[in-house]
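Trainee: fold the following.
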Amino acid sequence: MRTLLLATAALVAAPAIAQEAPDDRPRRTRVGLGPQLVPSFPGSDSHRIRPFVDVSRARGNDEFAFEAPDESAGFPLLRGERYAFGPSIGIEGKRRSRDVGGVLSEVGFTVEVGGFAQVQLTDAVRLRIEGRKGLGGHRGWIGMVGADYVLRDGDRWLVSLGPRVTLADNRYMDAYFAVTPDDAVRSGLPVFDAGGGVQAVGATAGVLRQLSDRWGIAGYAKYDRLTADASDSPVVAAFGDRNQVSGGIALSYTFD
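Mentor: Predicted coordinates for the structure are as follows:
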């Protein structure tokens, strides 16, 4: 996963950066806030409410740049007409022992730090890759490869839809989907070693509608299907669900 992220970053960073005159046009800022319902932890059959937050900026009358509703928070350090590269940050909620019958190990709250690279293949199609390392909690690598097809009428309305592939390393998979010998004794589940690779495949759909010059509304729905060792895990069979669904809605306000 790290090799794939670095290779993509090198690809998008390859073109020379042209020197441009400073853009003195005034900035516009759009802030969206609302609730979203997400799985309590990877493989969970329960959900938690978390804030759904989005902040976008644009200059003059330029359109706000497209951001998929499920992508990690971040900002571009390097940007061209068709590409961008920069840091990203995500969070993963705590898996408490009682969430898995009180018989499996706890996985702590995790802050994930890494980077993203994206390429605008056409005016309507964007490809994005992310990779993040867990600090605390699962301590593994988690990544996503996705594409989005975007239809929009400036900032008045926008609809997006695209596939997702989630990747994870052994440490991440072991944290949520493995059953250690000690866990097996306590739970009665078979010992299970979860290997890294593709964790899930799915799709995300988003919609945005501007109601007035200032106010707007946005929403999204996402579906993932656990695959490979994540799907075969005794933890998911006993305490979770192979089908992972999330969604959210937010009210936005635009100001100069």
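Trainee: how near is Asp123 to Arg139?
Mentor: 40 Å (Cβ to Cβ, to the nearest Å). C-beta: built from backbone N, CA, C; applies to glycine.
Trainee: between these two, which one's more packed in?
Mentor: Arg139 (16 against 9; other Cβ atoms under 10 Å).
Trainee: tell me the contacts of the more buried one?
Mentor: With contact set as Cβ atoms under 8 Å, 6 or more residues apart in numbering, Arg139 has these partners: 110, 171-172, 175.
Trainee: out of the residues you listed, which are inside strands?
Mentor: Filtering these for membership in strands, criterion DSSP state E, returns Thr110.
Trainee: okay, buried residues for whichever strand or helix holds Arg128 please.
Mentor: Here Arg128, judged by DSSP states H and E, is contained in strand 125-135. Across strand 125-135, burial judged by 16 or more other Cβ atoms under 10 Å covers 126-134.
Trainee: and which of the residues you listed is nearest to Ala228?
Mentor: Closest approach between the buried residues of strand 125-135 and Ala228, by Cβ to Cβ: Gly131, at 18.5 Å.
Trainee: show me the beta-bridge partners of the closest one.
Mentor: For Gly131, the beta-bridge partners are Gly115, Gly143 (DSSP bridges).
Trainee: can you tell me how far it is from Gly219?
Mentor: Distance of Gly131 to Gly219, computed by Cβ to Cβ: 27 Å.
Trainee: show the average pLDDT along stretch 132-149.
Mentor: In this model, stretch 132-149 has an average pLDDT of 96.
Trainee: stretch 109-126 too?
Mentor: On average, stretch 109-126 scores 96.
Trainee: what separates it from the chain centre, distance-wise?
Mentor: 9 Å (Cα atoms, centre = their mean, to the nearest Å).
Trainee: same deal with stretch 75-95?
Mentor: 10 Å.
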